[in-house]
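Visitor: Here you go, sequence then predicted model.
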Amino acid sequence: MGWAFYNVPCSDTNTSLHPFSLAKGLVTSGRNTCTPYHSSTVKIPFVAILRTNLHQEMNYFPDEVIEHIFDSIASHRDRNSISLVSKSWHKIERCCRRRVFIGNCYAISPERLIGRFPCLKSLTLKGKPHFADFNLVPHEWGGFVHPWIDALARARVGLEELRLKRMVVSDESLELLSRSFANFKSLVLVSCEGFTTDGLASIAANCRHLRELDLQENEIDDHRGQWLNCFPDSCTTLTSLNFACLKGETNLSALERLVARSPSLKSLKVNRAVPLDALTRLMSCAPQLVDLGVGSYENEPDTESFAKLLAAIKKCTSLRSLSGFSEVAPLCLTAFYPICQNLTYLNLSYAAEIHGNHLVKFIQFCKRLQRLWILDSIGDKGLEVVASACKELQELRVFPSDLHDEEDNNAAVTEVGLVAISAGCRKLHSILYFCKQMTNAALITVAKNCPNFIRFRLCILEPNKPDHVTSQSLDEGFGAVVQACKGLRRLSVSGLLTDKVFLYIGMYAEQLEMLSIAFAGDTDKGMLYVLNGCKKLRKLEIRDSPFGNAALLADVDKYETMRSLWMSSCDVTLGGCKRLARDAPWLNVEIINENEDNGMERNEEDEREKVDRLYLYRTVVGTRNDAPSCVTIL
Amino acid sequence: MEISNSYSPYSSSSVDSTKPSPSESSVNLSLSLTFPSTSPQREARQDWPPIKPLLRDKLKGRRLLQRGGGTSFFVKVYMEGVPIGRKLDLCAFSGYESLLENLSHMFDTSIICGNRDRKHHVLTYQDKDGDWMMVGDIPWDMFLETVRRLKITRPERC
């Protein structure tokens, strides 16, 4: 028997590996399939086979070989595809599966997860729906991680990594986590709440092999304790530490000692309470840092401090990513000039007081920037500078710096800045843009300049605002975007929009997976265009739009293909939701009420009454039992 | 800012948006309707624009600290037992003392914050978490960032 060498293609996020092409490739001897993606070479026995029944032929290979092949396939979707090919592949796949992603923690139960994937090492869980970020979901709604940690602990799963988003985490959960998994390495919490620094102390003290503790935008009760002190002296394996969201004081000497004994530390993001001189010392003992988040520096440093800071920064030649800057004085920012040209990611979106000029002066030297997060105080002129300087830019986020739309705020960005960026930054694929005004002409130009958008989120601050030049709706502008950007996966629309924009979206947005709608549309037809047209739609979230029962109930089976649907301040009624719940028992249909009282006491429920907030999602485990009183599950 | 009648988006979700007159809502999210064209200021919405809490708090705090023409932050003030409330621009005051002085004039009674005293009214406020707290415990700047409304309670209540 001869041997064949095969380059196993590993897909990037854009393409999905069809299981049969994988199997087909395996038995083509001698032919190296060149792929642009990274790949691993597998040496396998050559077998002459037919193109069909490949999985049966592959069963001649020992399981370890097949597992090895599967190991090189990282994407969750591809692994899901593989598991569907045959029973034996399903069995092999599930036993060697290391990483699992669960987009909705209520879609499945911990027991079933562990039953299917006993060798799990890394788990990602998401809890509350996206609009929870904007205060539309009550705090007590749910998304508790404790049952998951409990079940994993009891089953003695060898958990090494846990990534949570919008979940409720308690100190008890963190304590249990820290004591239950001897090899635990990485904890990433994004937009979570419910815990304090005491929980962090448990993690620090008990996780002997901790490499990563990454806390992004969580609500953490800061007990001003000594959690940093709880890292034992023997802890030297940290690669990433992010506690930027902590609001209290930080034990600086504990932090400095920790950083000094962590030679592998690549990412460090400190909180506001770390002053400039401490930052200087930290950078001096960690010049290997790749990713740095700094504190708040509203006062200009004196000459000596500035010199020391500059010297420390110059040594950080590996620095590629810079963030923090809760406030930053202009002189302070200039200390970072030496490493400007190396930066690929820059986040200045919290520096609300610094004038746009200083931002522009800094950014113009960041020639290699790929991701930029900034406030709209940079202005259109500033964006024009970005467009000419940052040719490698792939992602741009421009946040509002003024919530109250002051009449005299002329410095903020408009459609002019957006067009400039699209003209100058041809590699741009993701944008989040808050602005006061927009025109169809601008959007059409942007679409023509950048047909490669994957994520396009535009938020015009004033709801229902039309094209400010023609006073028409922005249907045509967004229509141009969905038509030109064939790979568009995520879209947020705003401004004055009729049903027509949804007709365009349904017609052209073939790859669309997530759509956010606010204050848009005229009739149920709008929502129907989207539900009928967007075949790959997974998440739909709608607020303050006139869509009602007719749209909700038209195609109930559609919701089985989606992760979730959110509708708030729309026209769906209680009767409609009840009917949906009856017709689709595999959905959890949740009504979130305004006050706790309203939910349960209404015996004489008026089915014609409009529902405040509706959240529905597919699930294989039925109704959850941890819902608070303000949530009614139909 | 020009506010036209098409501003039904600002109506409370539990109110039928076809109702002609805007009405106060008791929604937990503390949305309140703006009256067309007459009031240039409005209370900050908690759910629009769609930005995350960290940035929202940052920007709110920032705005309140800005001095200069045009900056204002109106909150509602109720006296317990009196159904009709007043509106007060907190930016007009430099601290708790001037606030109390002004309120005492407005409601024509003596108001204190802090120590309970059977004789005087006590000033309380509702913070961004929805909890009712005694005025005066936290620094003025922090107070401005977190206060949503004020209530003057009867002496024996606290």
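Guide: Everything's here; your move. Numbering: from 1, shown residues only, chains lettered A, B, ... in the order given.

Visitor: which residues does the residue nearest to A:A518 when sequence neighbours are not counted bridge with?
Guide: The shortest distance from A:A518 to any non-neighbouring residue, by C-beta to C-beta, 6 or more residues apart in numbering or on different chains, is to A:R543 (5.0 Å). The C-beta positions use only the backbone N, C-alpha and C, and glycine is treated the same way. Beta-bridge pairing of A:R543 under DSSP bridges involves A:A518, A:S568.

Visitor: A:R543 contacts A:S569, doesn't it?
Guide: Yes - proximity of A:R543 to A:S569 meets the contact threshold set by C-beta atoms under 8 Å, at 5.6 Å.

Visitor: Just the buried residues of the strand or helix carrying A:I505, please?
Guide: For A:I505, the host element (DSSP states H and E) is helix A:499-508. Neighbour counts over helix A:499-508 (16 or more other C-beta atoms under 10 Å in any protein chain shown) mark A:499-506, A:508 as buried.

Visitor: and stretch A:276-285, how far from the chain's centre?
Guide: 30 Å (C-alpha atoms, centre = their mean, to the nearest Å).

Visitor: again with stretch A:333-350
Guide: 23 Å.

Visitor: what pLDDT does A:T13 get?
Guide: Reading off the confidence values, A:T13 has pLDDT 36.

Visitor: any chance of the buried residues of helix A:499-508 in a markdown table, plus distance to chain B and pLDDT?
Guide: Listed next are the buried residues of helix A:499-508 as a markdown table, based on distance: C-beta to the nearest C-beta, whole Å; pLDDT from 0 to 100:
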| residue | distance to chain B | pLDDT |
| --- | --- | --- |
| A:D499 | 16 | 97 |
| A:K500 | 18 | 97 |
| A:V501 | 17 | 98 |
| A:F502 | 18 | 98 |
| A:L503 | 22 | 98 |
| A:Y504 | 22 | 98 |
| A:I505 | 19 | 98 |
| A:G506 | 23 | 97 |
| A:Y508 | 24 | 97 |
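
Visitor: now, among the residues you listed, which is nearest to A:A182?
Guide: Ranked by distance to A:A182 (C-beta to C-beta), the buried residues of helix A:499-508 are led by A:I505 at 49.4 Å.

Visitor: The stretch 251-400 of chain A: strands as residue ranges?
Guide: A:267-269, A:291-293, A:321-323, A:345-347, A:371-375, A:395-399 (DSSP state E, counting those that start in this stretch).

Visitor: Counting by contacts, list what the lowest-mean-pLDDT helix or strand in chain B packs against.
Guide: Lowest mean confidence among the helices and strands of chain B (mean pLDDT, DSSP states H and E): strand B:111-112, at a mean of 76. If you count contacts as 3 or more C-beta pairs under 8 Å, 6 or more residues apart in numbering or on different chains; DSSP states H and E, strand B:111-112 packs onto helix B:96-107, strand B:121-127.

Visitor: Mind telling me which of the ones you listed the model trusts least?
Guide: helix B:96-107 (a mean of 84).

Visitor: packing partners for that one?
Guide: Checked by 3+ C-beta pairs under 8 Å, 6+ apart, helix B:96-107 has strand B:74-79, strand B:86-89, strand B:111-112, strand B:121-127, strand B:147-153 packed alongside it.

Visitor: now the ones you listed in TSV, with mean neighbour count and distance to A:C630?
Guide: Below are the helices and strands packed on helix B:96-107 laid out as TSV (neighbours: other C-beta atoms under 10 Å in any protein chain shown; distance: least, C-beta to C-beta, whole Å):
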stretch	mean neighbour count	distance to A:C630
strand B:74-79	18	24
strand B:86-89	15	29
strand B:111-112	20	34
strand B:121-127	20	19
strand B:147-153	20	20
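
Visitor: JSON lines for the ones you listed, including distance to A:L113?
Guide: Shown next, in JSON lines, are the helices and strands packed on helix B:96-107 (distance: least, C-beta to C-beta, whole Å):
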{"stretch": "strand B:74-79", "distance to A:L113": "48"}
{"stretch": "strand B:86-89", "distance to A:L113": "53"}
{"stretch": "strand B:111-112", "distance to A:L113": "57"}
{"stretch": "strand B:121-127", "distance to A:L113": "39"}
{"stretch": "strand B:147-153", "distance to A:L113": "41"}
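
Visitor: tell me the mean pLDDT for stretch A:80-98?
Guide: Here the average pLDDT along stretch A:80-98 is 84.

Visitor: Name the residues of it that come out as buried.
Guide: A:81-83, A:85-86, A:89, A:92-94, A:96-97.
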